[in-house]
Structures are given as C-alpha cells and as structure tokens.
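Engineer: after the sequence you'll find the predicted model.
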Amino acid sequence: MTFLIDGLQYANWSERIFRQLRAGGVDAVHVTITYHETFRETVLNISRWNRWFEQFPDLIFQGFTAADVQTARDTGRTAIFFGAQNPSCIEDDIGLVEVLHRLGLRFMQLTYNNQSLLATGCYEATDTGLTRMGREVVAEMNRVGLVVDMSHSAERSTLDAIAHSTRPIAITHANPATWHPARRNKSPRVLQALAESGGMLGFSLYPHHLHGGSACALDDFCSAVARTADVMGVTHIGIGSDLCQDQPDSVVEWMRSGRWTKSVDFGEGSADAAGFPAMPDWFRDNRDFGNISEGLRRVGFSAEDVTAVMGGNWLRFFDASFTGQTEVLQSQRAAQ
C-alpha cells in the first residue's frame, strides 16, 4: 500500500486547506504548532487544534503513532502530527519534554536559527555544539519518543546531535547545500552522518532553499532528490515541503524575530523581499504532490522508490520513533 506523508508544513490552517489535504490524498502531515511560544502559549495552540479536530472530524484527526497513518487511509482523513520548530516550549524545564510528548508533540527542533539552551542555530557565527542541557534533553527525547529535528541548526550541533542521540534523528525540511548553498541547507558531511545513523531528510519546497528560488524547475528539484538518493540511500529521504500556505507576512516576521530582537531580522529574505516568497508553480498547495511523484518517475525513480520517497520512508521512521523506549522494551518482552 502507498502512503503520502509530508514531513513538515506551517500553513494558515482553515477548512479550505484541510479539504485540499484530502483532495491531494495526504495521509499524514507533521505540522508546526510552535516557534518562540512558551509552554503555556504552546498549550493554547494545541487547544486551537483540538477545536479544529472537533469541527472537522471527517477531514482531520490528531496522530500519535504510526498506526494512525493507516487509520487515516482507512477512514479517508489526514492524521496531524504536532511538532515544534524551537525548544522554547520546554522553557528551561526538562520535565516538559514528556508532558508535551503526552500532549502529542512528536518532533522538536533543538534550535531555530539562533543559539538556544540546547544547541547552536545556523545563523550564529560560532557553533559550540550541543550544550550540557542539550545532551540531557536529547536523552530525554530519546526516552519518550520525541524526534530530534535539526533543520535549523548549525553543522557541529547537528553532528553532535546525530552522535549523541541513541535513536535516529530527522532533518525534516532542508536540502543539500551542494545543490543550493542556502545557509540552512545541509553539507555532504551532515547528510552522510544522517544516513549512516538511520535518520531522515525531508526535501524542502520553500523557495529560499531551492536552486532558482520560486522559478526552480520540477526536473531540477527531482534530479537533486535523485542525486541525494545515490549518496544517502533512497530509504533515508522524503518530502518536508515547509509549505506556509496563506500565511500573512506578519507571521514570517514572528518566525524570524520572535521576541529576541527589537530590530527586523530578514532571515533568508531581504529588505526588498521581506515576506513569504511565491511557491514554485508546480507546488502551490497539497493538491500538487502528484506533480512531484511524476517528476521523480521522469528522472528515473522506480515505482517502488517513488512510493518510498513520497511517504513510505516517513511511515517507517514514524513507526521506529514515536514510541517511548520503555514501551518498546515492554512490547519486545511480550513477544518473547
């Protein structure tokens, strides 16, 4: 059976987008629920999602385990998995890792561009790697089944996380720096270490991460995926579209600047182009995933490998990642 899973989106969610998820056949999506928000603010965001689950039960429901992806397929809905693009939600309290996992958080980035209490972001001049708290939090995330995501982290910090984590990590939305040298795209060294450790790379469709930006050609993108599959192995790559559909430009200001600065931070943009860039014409919304599948076939992917990249690899990763280590041991003992 084939599944369609997107490794990350941050849309301005609405009934229209939920219906587009269904029209596009998206079985599951990892959604960002928090950037710079505190724990309480993150819980309020979860409460908003709970209202959407109540309002649109025929379209979406909250996912907790990989089995929920099959449930989504069986019931014609989309499973929504929560993620954090910054560790602000745990504040300075490691105990909140388990609390948020119990509320449904399944991914957490250790940084969002800047230095955090846990690691160094990709915009910092000096990368000091995982901090003392970072090592403790990674161990706790491993224990409960919360995926370490290093999409916005600097090189040494990412390599430290890969080495320190006892479970495979993810880079849910980024591309190879050899294809497009954006500050947030990843080096061959990182991609090799990620693959060797069993981790996952989600290819981003955000224009600042694409060769050619908004004008990037589909075949160019799919050829980059093919070259990366040759290096990492096809089992370690998926899609992490980073779709920010219908978001106002005020949201990108919050993403970039949060509360850490009084000035305007343009991130990957500029003063002349400060807002969200236009998406490529072959991927405007969730109804366009078929274009990527067709593009992958056109550059030489087999039907089996297209299935893996478009969702099968993420499903396997979910299955190995979302269960706590205690639950894994209990399951193994029960099977003996």
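Structural biologist: Great, that's in hand. Bear in mind that the values here come from a model prediction, so they are computed numbers and not experimental data.
Engineer: pLDDT averaged over stretch 217-228 - what is it?
Structural biologist: Taken as a whole, stretch 217-228 carries a mean pLDDT of 98.
Engineer: mind saving the C-alpha coords of it as PDB?
Structural biologist: Presented in PDB, the C-alpha positions along stretch 217-228 are these (Å, rounded to 0.1, in the frame of the first residue of the first chain):
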ATOM      1  CA  ALA A 217      12.100  23.700 -12.300                       C
ATOM      2  CA  LEU A 218      10.400  20.500 -11.200                       C
ATOM      3  CA  ASP A 219      13.000  18.400 -13.100                       C
ATOM      4  CA  ASP A 220      15.800  20.300 -11.400                       C
ATOM      5  CA  PHE A 221      14.300  19.600  -8.000                       C
ATOM      6  CA  CYS A 222      13.700  15.900  -8.700                       C
ATOM      7  CA  SER A 223      17.200  15.500 -10.100                       C
ATOM      8  CA  ALA A 224      18.600  16.800  -6.800                       C
ATOM      9  CA  VAL A 225      16.500  14.300  -5.000                       C
ATOM     10  CA  ALA A 226      17.900  11.500  -7.200                       C
ATOM     11  CA  ARG A 227      21.500  12.600  -6.700                       C
ATOM     12  CA  THR A 228      20.900  12.700  -2.900                       C
END
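Engineer: next, the buried residues of that stretch.
Structural biologist: Leu218, Asp220, Phe221, Cys222, Ser223, Ala224, Val225, Ala226, Thr228 (16 or more other C-beta atoms under 10 Å). Yep, even glycine has a C-beta here, placed from its N, CA and C like the rest.
Engineer: likewise stretch 196-208?
Structural biologist: Gly198, Gly199, Met200, Leu201, Gly202, Phe203, Ser204, Leu205, Tyr206, Pro207, His208.
Engineer: and the residue nearest to Thr307 when sequence neighbours are not counted, what does it touch?
Structural biologist: Closest residue in space to Thr307, ignoring its immediate chain neighbours: Thr2 at 4.7 Å, by C-beta to C-beta, 6 or more residues apart in numbering. Neighbouring residues of Thr2 by C-beta atoms under 8 Å, 6 or more residues apart in numbering: Thr307, Met310, Gly311, Gly312.
Engineer: show me the buried residues of stretch 196-208 that map onto helices.
Structural biologist: Counting by DSSP state H, no part of those is found in helices.
Engineer: now these as TSV including distance to Arg135 and pLDDT?
Structural biologist: Shown next, in TSV, are the buried residues of stretch 196-208 (distance: C-beta to C-beta, whole Å; pLDDT from 0 to 100):
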residue	distance to Arg135	pLDDT
Gly198	20	98
Gly199	18	98
Met200	22	98
Leu201	23	98
Gly202	25	98
Phe203	29	98
Ser204	27	98
Leu205	33	98
Tyr206	30	96
Pro207	35	95
His208	31	93
